[in-house]
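J.: any chance you could fold what I've pasted below:
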Amino acid sequence: MRVIKTTYCLLFLFLSTVISAQDTNSHPKRNIGVELIGHYGAVVKNWPDFPQRKGASLIEANLIKQCTGDKEWHAGYFYPQPGISLIVGSMGNHDILGETAALVPNFSLVTNRSSSWGMRLRIGVGVAYFNRTWNVNNNRDNLLIGSRFTNLGLLSFNIRRDISPKLSLHSGLSFIHFSNSHIQLPNVGINIPAFNLGINYFPNARPAILKNQPVTETHQKVLFNLRLGLGWHEFGDPVHPTGGPKYAIYTGSAYLSKRIGKIHNIQAGFHLSYYSSFYRFITSQEYYTSDLRKKSSTAIIFLGHEYMMGRLSFVTQLGFNLHNPFYRDFRSSTERGKSLKSLNSNRLGLHYYILDPTHSSKKNLYVSWFVKTNLGQADFGEVGFGYTF
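T.: I've put the predicted structure just below:
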C-alpha cells in the first residue's frame, strides 16, 4: 500500500507542476488569480447499509492562471483558467465518515467574456486524504471509504458575474466523487451533489486576451501507438473481502490515433490485460481445468478521445469486451447489471507527452494514469507509458 500511496502522491506533484507551467507570457504575475469557494450538499445513499449523516460541507481555495492566447490551444477552450486547489471539509458524520483534505488540479472553461455575465464549467481530478476509514475494530459502518488516500473527481457548472476588472462572483452546482479505484476494500465510494458559491480575484486585474496570434499547421497523420501499464486492485465486490492482498494487473494497448484540429485526438484500438487476482482464484479454487492464464486475461476493443492541452491531455475510452471469461462466468453471476458489466469496459485518465504533440508528427513518448471501470464501477487504478509512431 505504501508503494501505491507514493505513486499517487508523485502523480499529483507531476500534474500540478504541469498545469502551473502550461502558460507563460511576458507578464506572468498578471495572469495569477485566487478564488474561494464553498460547497454544501449531501452524501448520496448508494448502498443498502448506509450511515446516517447530515449535510456535507467543503471549503476550497483555488490558485488559478488565466490563459491569454500565447499557446495555440487556448482559443479552442475559450481561453481557460487552469488551477490547483486545496479542499477541506466534512462528510456529515464525524464519527463514521470523518473529514477530508484534498489537492486538486483543475481546469475552468469560461464563456461570454465580453459581457459581465457568463457561464463557467470546471473539471478537476486530484488526491484526497480521509481521517476516518473502514476499520474492523472500530468503524465497520464506513463501507464507503476503505483507504486513507483516494481519487477525487470534481465537476461544477456556474453562472459568473463580473463585479469589477479584478473581482467576480460565481454560483451553481457541483458534483464531487471520491473513490480509491478498487485498490483497497471496501470502496462503495462517496458522491456529493452540492450547491456552490465562490469569489474570484485577480490582484492585477484580469489580463487581456491575445487573439489573432499566428497559428502553425497541426499534423493530421494517422499514428500508431503502443502502451504498457501496471494496475492494482483488491479482489472482491465493493465491500468485501477486506484486508486482502493487492494484486497486479498487467496491461498493453495498441491503437491508431488521428489529430482533429488543435484540441481533439481520436483513438481506436485494443487493450489486453492479465489479472493476477483472477489467476490466483482460478488456481486455488480449481475453477477451470484448462487455459488458466488465458481465462485470467481480457481483450477489449475501444474508441477513445483526447482533449489536448499542449503536452497534457484528458482521455476517455469506451470499450467492448471481446474476451472476458472469468468476469462473465463468476463475477457477473452475483452482481446487478451483470450483462452490461460483462460487456462494457471504460477508461478515464490523463496523458503527458514529452514533446508537444501539436507540432510533433510522430515518435513521441508519454506517461499516463487511468481508472478502469466495468460499466461505471471501478475495477483498478493504473499507471503506464506509451510511444507514438
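J.: buried residues in stretch 58-75?
T.: For stretch 58-75, the neighbour count (16 or more other C-beta atoms under 10 Å) marks 58, 60, 62, 64-69, 71-75 as buried. C-betas here are computed from N, CA, C, even on glycine.
J.: revised request: answer the last question for stretch 134-148.
T.: 134, 139, 141-147.
J.: which of those sit farthest apart?
T.: Taking C-beta to C-beta as the measure, the buried residues of stretch 134-148 span a maximum distance of 16.3 Å, between Asp141 and Ser147.
J.: before we move on, the earlier item: out of the buried residues of stretch 58-75, which comes closest to Tyr366?
T.: The closest of the buried residues of stretch 58-75, once distances to Tyr366 are taken by C-beta to C-beta, is Trp73, at 16.2 Å.
J.: tell me the contacts of that closest one?
T.: 262-263, 308-310, 358 (C-beta atoms under 8 Å, 6 or more residues apart in numbering).
J.: can we see that at 6 Å?
T.: For Trp73, the contact set (C-beta atoms under 6 Å, 6 or more residues apart in numbering) comprises 262-263, 309-310.
J.: am I right that it sits in a strand?
T.: No - judged by DSSP: H, G, I helix; E, B strand; the rest coil, Trp73 forms no part of a strand; its state is helix.
J.: how much space between the nearest residue to it once chain neighbours are set aside and Met309?
T.: Nearest residue to Trp73, sequence neighbours excluded (C-beta to C-beta, 6 or more residues apart in numbering): Lys262, at 4.9 Å. Using C-beta to C-beta, to the nearest Å, Lys262 is found at 10 Å from Met309.
J.: any buried residues in the one helix or strand Ile199 maps to, and which?
T.: Assigned by DSSP states H and E, Ile199 belongs to strand 190-201. For strand 190-201, burial by neighbour count (16+ other C-beta under 10 Å) applies to 190-192, 194, 196, 198, 200.
J.: sec struct for the residue nearest to Trp73, please.
T.: Put simply, Lys262 is coil when judged by three-state DSSP.
J.: with Ala268 instead?
T.: Ala268 - assigned by three-state DSSP - is strand.
J.: same question, Leu340
T.: Assignment for Leu340 (three-state DSSP): helix.
J.: what's the closest non-adjacent residue to it?
T.: Leu375 (5.2 Å).
J.: rounded mean pLDDT for stretch 194-211, please.
T.: Average pLDDT, stretch 194-211: 89.
J.: alpha carbons only: can I get that stretch in CSV?
T.: Coordinates of each C-alpha in stretch 194-211 appear next as CSV, following Å, rounded to 0.1, in the frame of the first residue of the first chain:
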residue,chain,number,x,y,z
ALA,A,194,-23.8,20.3,-3.9
PHE,A,195,-24.6,23.9,-4.3
ASN,A,196,-21.6,26.2,-4.6
LEU,A,197,-20.8,29.9,-4.1
GLY,A,198,-17.5,31.5,-4.9
ILE,A,199,-15.5,34.6,-5.3
ASN,A,200,-12.7,35.1,-7.9
TYR,A,201,-10.0,37.8,-7.5
PHE,A,202,-7.1,38.9,-9.8
PRO,A,203,-4.9,41.3,-7.9
ASN,A,204,-3.6,42.9,-11.1
ALA,A,205,-6.9,42.7,-12.9
ARG,A,206,-7.8,40.0,-15.4
PRO,A,207,-5.2,40.1,-18.3
ALA,A,208,-6.1,40.9,-21.8
ILE,A,209,-6.7,38.0,-24.3
LEU,A,210,-4.1,37.9,-27.1
LYS,A,211,-6.4,36.9,-30.0
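J.: what sits up against that stretch?
T.: Outside stretch 194-211, the residues within contact range by C-beta under 6 Å, 6+ apart are 30-31, 33-41, 66, 68-70, 79, 156, 165-172, 174.
J.: which of those are buried?
T.: Buried among those by 16+ other C-beta under 10 Å: 30-31, 33, 35, 37-41, 66, 68-69, 79, 156, 168, 170-172, 174.
J.: separation between the residue nearest to Asn344 when sequence neighbours are not counted and Pro80?
T.: Nearest non-adjacent residue to Asn344, counting by C-beta to C-beta, 6+ apart: Leu375, 4.9 Å away. Note on Leu375: its distance to Pro80, by C-beta to C-beta, is 30 Å.
J.: mind jotting down where the helices sit in the chain?
T.: 2-20, 276-285, 325-329, 338-343 (DSSP state H).
J.: worst mean pLDDT among these?
T.: helix 2-20 (a mean of 48).
J.: let me see the contact set for the residue most central in space within the chain.
T.: The chain has Val125 as the residue nearest its centroid, 4.6 Å off, counting by C-alpha atoms, centre = their mean. For Val125, the contacting residues are Gly153, by C-beta under 6 Å, 6+ apart.
J.: please apply the same query to Glu60.
T.: 37, 85, 87.
J.: for Gln52, state which of those residues is nearest.
T.: Closest approach to Gln52 among these (C-beta to C-beta): Ile87, at 23.5 Å.
J.: give me the number of residues near that closest one?
T.: For Ile87, the count of nearby residues is 23 (other C-beta atoms under 10 Å).
J.: beta partners of it?
T.: Glu60, Ala102 (DSSP bridges).
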